[in-house]
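> Sequence plus predicted model, see below.
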Amino acid sequence: MLDLQSNLLELPGIGPSTAIKLATKNIETVSNLLMFFPIRYKDFSQVSTIQSLQPGDDVSIRGIVQSCISMRTKKRNLTMQRVLIQDNTKSITALFFNQPYICSTLLRGSDYYFSGTVDKFSGSLVFKVAEYAQAQDSDAIHTSTLVPYYSTIDKMSVRYIRTLIQKTLKLVPKTMFTETLPQLIVKKNRLPTLLETIKTLHHPNSKQTLALSRYRLVYEELFQLLLTNVRISKKRKNSLSRTISIEKYRDIFEKTLPFVLTKDQSYVIDELSADMMKTNPMNRLVIGDVGCGKTVVAACSAYAAAKQGFKTIFLVPTSVLAKQHFETLTKIFAAQNIEIGLMTSAEQKTSINSAVTEGVQQSAQILIATHAFFHTKLDYKNVALVIVDEQHKFGTKQRELLLERTKDSKYIPHMISLSATPIPRTLALTLYGSVDCSYIHTMPKIKASVVTKFVEQVNKEKAYVWIYDRIRNNKEQVFVVCPLIEQSDNPTMSVENVFESLKRRFPDLIVDYLHGRLKHKERILHAFKEHAIDILVSTTVIEVGIDIPNATIMMIESAQQFGLAQLHQLRGRVGRAEKKGYCFLFTDENDVSSMDRIKLMEKSSDGFYLAQKDLELRGPGNLIGLQQKGYILHYAKNVLNIQLLEDIRADVEKVLANNPTFTYNSLIAPIETESEDIQYLN
């Protein structure tokens with residue numbers, strides 16, 4: 001009997017080759033398949049008459065197949081199938097391309113639903129078919145409803161994915177879908193059951209039921225996040241920490257720096273100094289704009305801990321950023337006899353003295369590590385401080401594991417979290433529990449300015465000519481950022497589309513691409529840093545910690561898809577040295593509100609101001625960086641608000657009050673991942 005943990009090969013019709021394709025999306029079990037939710041829907045629930053069709057309509061029609069002819073077109077290797085469809089108002093020719101089997105599949109005289117778009121061809125209206133199904137099909141999952149669309153799987157049609165999921169739902173016994181949320185929570189919030197949610201997300205029968213199921217996804221994500229954060233917060237409140245004197249070593253540390261600290265940096269160090277002298281563990285969030293010097297502030301605390309015989313774990317989200325921090329701290333502490341260790345998945349055993357033994361990693365006074373830290377079996381003792389750069393890039397389970405891995409029988413370490421995204425204190429308290437916030441507003445004088453321009457479509461060609469001139473004459477380099485990875489209907493939305501377009505446009509330049517699914521990300525970034533690449537097309541994987549001084553131009557395609565805070569972070573990747581930076585914002589929308597929002601980037605370089613505007617215009621989901629990469633929240637980011645967070649946090653507190661040892665394993669909240677392909681509800 002099938003259950004949720006059954007291997008996909010146990011499903012009828014699934015062979016090894018299909019299983020391998022599904023595994024590229026981490027779909028290996030029945031549960032994985034059923035939790036592979038659509039990324040968008042098309043509303044074909046209203047069937048139009050053929051007589052009412054107008055060019056550009058995206059609709060469903062119903063009619064009788066009268067005839068089908070397959071013919072070759074003038075384009076090489078392209079065939080076209082012309083199907084005559086008639087309803088009780090009129091007839092229209094439906095077009096298929098490179099599907100010669102359609103003429104034998106569609107039965108003449110039979111009744112079908114067709115979904116697609118209306119166009120003009122040789123002066124007459126035609127219907128370009130996206131989906132079709134027999135009208136007698138009671139499920140009608142491909143047409144005449146809210147039709148689900150899934151993230152692309154190699155050489156696998158979305159039609160096949162829909163059918164496979166529906167067949168699987170019928171094969172798995174209902175008893176396997178046991179409720180994961182407490183009944184009091186389900187009843188209080190009027191949530192659909194787990195099984196109802198899964199069925200509706202894959203085949204909604206109305207917008208109302210779909211909205212309820214989407215809300216359950218949002219609720220589970222936030223419940224899972226807040227449950228862990230509340231539990232961690234309670235543990236910290238009831239624990240002890242070691243006292244560390246920053247003041248004792250502060251002067252020595254500042255003399256090692258090749259620059260003078262800003263006023264705000266000094267003030268934040270004062271706050272850290274006061275916190276770390278206490279016997280209860282510090283939990284402080286240091287917030288500051290890109291390039292404001294948060295790392296130096298954290299390094300001062302790590303230096304004081306090392307001088308007093310304690311260790312620091314410095315967690316960062318990417319191996320590129322880990323290496324940059326490693327190089328920076330190595331230079332700062334070169335004369336201080338402090339051992340710096342580096343742990344990444346690519347270089348599991350690297351340290352300042354080039355030793356490659358686990359013993360050296362274990363003995364490092366300051367260990368800079370990526371997610372690889374959570375997979376090592378090394379035992380770390382005497383850790384008095386943990387620094388987490390871009391905390392929202394680490395999932396809730398990882399933060400809980402971090403607490404367990406670094407505590408000993410009596411003490412847990414102080415915690416410093418760093419964020420380049422300005423987070424209001426109210427939001428930080430709700431998300432992360434008991435936390436103190438420090439803000440760095442002042443910027444070092446050495447940072448170059450960045451000119452930001454919103455570029456309308458009519459001027460896009462001029463921008464490309466200007467950029468080409470800068471590359472050719474000044475040997476500058478360019479980032480091009482897109483919101484999606486894969487091929488999209490909108491040619492400017494995806495890395496793949498834009499990469500191919502730029503290669504054709506600039507055949508004499510070296511163009512490459514980067515996104516989170518690539519295994520050789522470091523090799524590409526190293527090549528870009530060594531100037532072996534002129535233009536790098538990327539997703540937002542480059543928004544944190546990429547420091548390439550010669551990259552002076554940032555082009556952001558479909559800028560309306562990003563929040564202001566994220567656009568500001570991306571802008572911070574250029575103008576990082578003495579060279580002036582340029583940021584060009586392109587949009588393919590004519591929506592006035594979107595354009596006005598993006599134009600705020602031209603007016604201000606203040607990340608705090610832009611974050612506040614983001615909060616007002618789009619809500620906190622985009623502000624706190626809950627984007628498609630890394631963080632646990634995929635579904636809630638577009639509907640998140642303070643009241644929702646507070647309501648769910650109150651539910652969490654109630655559940656823990658009734659059962660302090662309550663554990664929760666969600667089936668439908670997304671697995672923590674570094675993938676970038678979830679754009680659900682966009």
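Sure thing, it's come through.

> Flag every buried residue along the strand or helix carrying Lys234.
For Lys234, the element it lies in under DSSP states H and E is helix 207-237. Buried positions in helix 207-237, judged by neighbour count with 16 or more other C-beta atoms under 10 Å: 209-210, 212-233, 235-236. From N, CA and C alone the C-beta is placed, and that goes for glycine too.

> Likewise for stretch 91-108?
Residues of stretch 91-108 classed as buried under the neighbour-count rule (16+ other C-beta under 10 Å) are 92-96, 102-103, 106.

> Check those and tell me the two furthest apart.
Across the buried residues of stretch 91-108, the longest distance by C-beta to C-beta is 17.1 Å; it joins Ile92 and Cys103.

> now the helix holding Lys234, how far from the centre of its chain.
With C-alpha atoms, centre = their mean, to the nearest Å as the basis, helix 207-237 stands 18 Å off its chain's centre.

> other SSEs contacting that helix?
Contacts defined by 3 or more C-beta pairs under 8 Å, 6 or more residues apart in numbering; DSSP states H and E place helix 207-237 against helix 194-202, helix 396-406, helix 425-432, helix 642-658.

> And the buried residues of stretch 91-108, which is closest to Thr587?
When the buried residues of stretch 91-108 are compared for distance to Thr587 (C-beta to C-beta), Leu95 comes out closest, at 31.2 Å.

> give me the element that closest one is part of.
Using DSSP H and E, Leu95 sits within strand 91-97.

> contact partners of the helix or strand that that strand is followed by?
Read in the C-terminal direction, the helix or strand following strand 91-97 is helix 102-105, with elements assigned using DSSP H and E. Contact partners of helix 102-105, identified using C-beta atoms under 8 Å, 6 or more residues apart in numbering, comprise 68-70, 81, 83, 96.

> Mark which of these are buried, thanks.
68, 70, 81, 83, 96.

> farthest-separated two in these?
The farthest-apart pair in the buried ones among the contacts of helix 102-105, when distances are taken by C-beta to C-beta, is Ser70 and Val83, at 9.7 Å.

> got the buried residues for stretch 571-579?
Neighbour counts using 16+ other C-beta under 10 Å place 571-577 of stretch 571-579 among the buried residues.

> ok, the residues you listed vs Glu339, which is closest?
Using C-beta to C-beta, Arg576 is the member of the buried residues of stretch 571-579 that sits closest to Glu339, with 28.4 Å.

> Surely the closest one touches Pro444?
No - here Arg576 lies out of contact with Pro444, judged by C-beta atoms under 8 Å, at a distance of 11.1 Å.

> joint contacts of those two?
When contacts are counted by C-beta under 8 Å, 6+ apart, Arg576 and Pro444 have Gly291 as shared neighbours.

> Asn382: neighbour count?
Using other C-beta atoms under 10 Å, the number of residues around Asn382 comes to 14.

> Excluding covalently adjacent residues, which one is nearest to it?
With C-beta to C-beta, 6 or more residues apart in numbering as the measure, Lys311 is the residue that lies nearest to Asn382, at 5.3 Å, once sequence neighbours are left out.

> One more: His325?
Setting aside the residues directly before and after it, His325 is nearest to Ile368 in space (C-beta to C-beta, 6+ apart), at 5.0 Å.

> ok, then the element right after whichever strand or helix holds that neighbour?
Using DSSP H and E, Ile368 maps to strand 366-369. Later in the chain than strand 366-369, the nearest helix or strand by DSSP H and E is strand 383-389.

> got the residue ranges for the helices in the stretch 151-300 of the chain?
For the stretch 151-300 of the chain, the helices defined by DSSP state H, counting those that start in this stretch occupy 158-171, 183-189, 194-202, 207-237, 247-255, 263-276, 294-307.
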